[in-house]
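Chemist: Need a 3D model of the following:
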Amino acid sequence: MTDAAAASGKTTARRRVQAVLAGGLVLGVGAAVTLASWNDSEFADGIFGSAAFNLEGSTDGESYTDHASADAAATLDFSADNMTPGQTVHTPFWVRLDADTTVDGTIEAADGIGITGSDGTNTANLSYEVTADPDSCDAAGAATGTTVASGADLSTGVGSTSTIDLTAGEDAAGTPVQLCFSVTAAEEEFAQGDTTEVTWEVLATSVDNS
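Modeler: Modelled structure (predicted):
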């Protein structure tokens, strides 16, 4: 074999090796392409705003404020400093949902109106009744309302008997509900020289807004 032929053979062999390597590189690139994938996403936000709910009360039907605890309780004016056996005294209290409230509510039977505390000798000798929307809060008017709570005495835990609906206003306070509290002294057991104090709670519950 001549030097020229040998050189030609080496060149041909090198080209074959290069061709094989080139083919391997092409196959490698092809494999990478077939393993690749695309993905794409969509995202959505949810925004959840809570409603507002607040009950406020008034002893005169005009000026309303929050009485959010027993320590901040409204003072009901029974004019009852000199009660005698068998006497009944009356006083009104108005409740409504405030202007920021956005859902309706109820004062529910069983636990909507109840006594949270009482003190005095005559706790057991004073009975009470609460009526809703009477014509007036006095002896004649109280009988025209709907009885929503009552108790044979002023012991803790006596509950309401009927449900009261409360309506929220639109950018205004809701429709007021007048409650008339009537308290009666026992005929025989009513003790002299005693001062008895009681605290009622009026509990409103928001309704489902669905």
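Chemist: going forward, measure contacts between C-alpha atoms and count neighbours the same way
Modeler: OK.
Chemist: Could you work out the end-to-end span of stretch 42-57 for me?
Modeler: End-to-end span of stretch 42-57 (C-alpha to C-alpha, to the nearest Å): 50 Å.
Chemist: Same check on stretch 148-163?
Modeler: Stretch 148-163: ends 7 Å apart by C-alpha to C-alpha.
Chemist: List the neighbours of that stretch that are in contact with it.
Modeler: 106-118, 123-132, 147, 164, 198 (C-alpha atoms under 8 Å, 6 or more residues apart in numbering).
Chemist: Using PyMOL, define a selection of the buried residues within the residues you listed.
Modeler: One line in PyMOL is enough to select the buried members of the contacts of stretch 148-163, burial here meaning 16 or more other C-alpha atoms under 10 Å:
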select buried, resi 106+107+108+110+111+112+113+114+115+116+118+123+124+125+126+127+128+129+130+131+132+147+164
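Chemist: C-terminal to the helix or strand of the chain with the lowest mean pLDDT, what's the next element?
Modeler: The helix or strand of the chain with the poorest confidence is helix 3-35; it has a mean of 50 (mean pLDDT, DSSP states H and E). Using DSSP states H and E, the next helix or strand after helix 3-35 towards the C-terminus is strand 55-58.
Chemist: which strands and helices sit next to that following strand?
Modeler: strand 88-97 (3 or more C-alpha pairs under 8 Å, 6 or more residues apart in numbering; DSSP states H and E).
Chemist: Okay, now the sheet partners of the strand it packs on, with direction.
Modeler: Applying DSSP bridges to the sheet, strand 88-97 is found paired with strand 55-58 (antiparallel), strand 177-185 (antiparallel).
Chemist: I'd like to know the beta-bridge partner residues of residue 55.
Modeler: Counting by DSSP bridges, the residues bridging with residue 55 are residue 97.
Chemist: do the one 10 residues further on as well
Modeler: Note on residue 65: beta-bridge partners residue 57, judged by DSSP bridges.
Chemist: Wait, it touches residue 72, no?
Modeler: No - with contact defined as C-alpha atoms under 8 Å, residue 65 does not reach residue 72; the gap is 10.4 Å.
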